[in-house]
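Visitor: Here is a sequence with its predicted model. Questions after.
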Amino acid sequence: MSETYYTLDCGNTNCTLAKYQGSQPTLINPLDNNFDSNSLGESPIYSSSVTKIPEILKSKKSNFISLNKYKTKNQFLSMPISYSETLGEDRLFAAFSIFESFVSYNQLMNYIIIDAGTYLTVDLVNSSGLEGGHISPGINTQLKSFSTGHQLPLVTSCDFETYLNKGIFPCWPSNTMTAILETVRKQNLSFIETITKQVIKSEIILTGGDASLLALLLSTSTTKLTVKTLPYLVHSGLNQARSFLVQSKEN
């Protein structure tokens with residue numbers, strides 16, 4: 001029987017825990033106050049950092065195995081890195097997942113990873129490794145920022161999703177709500193389209209909590225974009241890093 005182990009992905013807002021008994025997760029749970037940490041037993045928990053442990057898992061601190069310690073200035077396991085040491089852990093493991101799963105099979109393709117969460121991070125991964133990336137406020141962060149203005153409404157991601165599904169995008173909006181929604185749509189499209197135009201032969205990989213919303217947004221683009229959604233990319237990266245280390249020890 002395969003070993004039971006877990007991977008932990010903690011973003012800026014939420015944490016999820018994936019259970020593995022083999023190469024694929026059998027269950028992915030959001031961590032909330034109803035989660036019973038005793039159900040984990042003594043199984044190892046592979047995390048990007050042992051310092052970023054949710055309160056509900058503090059009693060299982062001895063179970064944690066940090067994988068971030070294998071990152072050097074210019075390398076993480078098999079993947080070269082052209083980014084400073086301040087690279088976020090979620091970005092590192094998402095990039096490693098793509099490098100191991102896709103780049104090894106298609107050396108000529110450029111993969112643009114967009115992690116849509118509290119922040120929108122955009123990273124380029126190819127046969128040279130993790131080349132670098134961009135950071136922008138996430139869609140929800142952008143929408144909420146308008147409510148800090150005088151008499152401007154609070155606009156939610158549900159409002160934005162409804163707007164995108166209607167498919168009517170005026171050049172010159174005639175009310176405040178539409179003006180906000182269309183501005184956010186255009187800003188994000190322009191940001192992503194500008195980046196993709198700089199890269200020949202590329203594929204966009206979407207991940208993160210707002211990946212489906214961003215996929216809907218990109219579907220409104222007049223530019224032909226190749227888009228794939230992989231919602232649990234950080235978990236995949238943590239699992240692949242573990243597998244890489246296990247295989248290295250066996251060899």
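Guide: That came through fine. Residues are numbered from 1 along each chain as shown.
Visitor: give me the low-pLDDT residue ranges for the stretch 101-250 of the chain?
Guide: Counting by pLDDT under 70, the stretch 101-250 of the chain contains low-confidence residues at 250.
Visitor: the helices in it, which residues?
Guide: Under the criterion DSSP state H, counting those that start in this stretch, helices of the stretch 101-250 of the chain are mapped to 139-145, 157-166, 176-197, 211-218, 233-250.
Visitor: between those helices, which gets nearest to residue 60?
Guide: Shortest separation from residue 60 across the helices of the stretch 101-250 of the chain is recorded for helix 233-250, at 16.1 Å, computed as Cβ to Cβ. All C-beta spots, glycine's among them, are computed from the backbone N, C-alpha and C.
Visitor: packing partners for that closest one?
Guide: Under the contact criterion of 3 or more Cβ pairs under 8 Å, 6 or more residues apart in numbering; DSSP states H and E, the helices and strands touching helix 233-250 comprise strand 5-10, strand 15-20, strand 25-30, strand 45-47, helix 89-98, strand 202-207.
Visitor: how many degrees apart are it and helix 211-218 in direction?
Guide: Taking axes from the mean of the first three to the mean of the last three Cα atoms, to 10 degrees, one finds that helix 233-250 is oriented at 120 degrees with respect to helix 211-218.
Visitor: how about the helices and strands packed on helix 233-250 in TSV, adding distance to residue 222 and mean neighbour count?
Guide: Rendered in TSV, the data for these read as follows (distance: least, Cβ to Cβ, whole Å; neighbours: other Cβ atoms under 10 Å):
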stretch	distance to residue 222	mean neighbour count
strand 5-10	34	23
strand 15-20	34	20
strand 25-30	35	13
strand 45-47	41	23
helix 89-98	27	26
strand 202-207	15	22
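Visitor: what sits against residue 76?
Guide: For residue 76, the contacting residues are 70, 92, 96, 130, 241, taking Cβ atoms under 8 Å, 6 or more residues apart in numbering as the criterion.
Visitor: in the sheet, who's paired with it?
Guide: For residue 76, the residues forming beta bridges with it (DSSP bridges) are residue 71, residue 79.
Visitor: For residue 94, see how far away it is.
Guide: 12 Å (Cβ to Cβ, to the nearest Å).
Visitor: same check, this time on residue 142
Guide: Here the distance between residue 142 and residue 94 works out to 21 Å (Cβ to Cβ).
Visitor: Same check on residue 23?
Guide: As defined by Cβ to Cβ, residue 23 lies at a distance of 18 Å from residue 94.
Visitor: Ok, residue 63 next?
Guide: Here the criterion is Cβ to Cβ. By it, residue 63 lies 23 Å from residue 94.
Visitor: again, but for residue 212
Guide: 17 Å.
Visitor: Domain parsing of this protein, as residue ranges.
Guide: According to automatic domain parsing, the chain is divided into the following domains: 5-66, 72-235.
Visitor: Figure out how far stretch 234-251 is from the centre of its chain.
Guide: Taking the mean of its C-alpha atoms, stretch 234-251 sits 19 Å from the chain's own mean (Cα atoms, centre = their mean, to the nearest Å).
Visitor: residues making contact with it?
Guide: 5, 7-9, 16, 18, 20, 23, 25, 28, 46-48, 67, 70, 76-78, 90, 92-97, 100-101, 207, 230.
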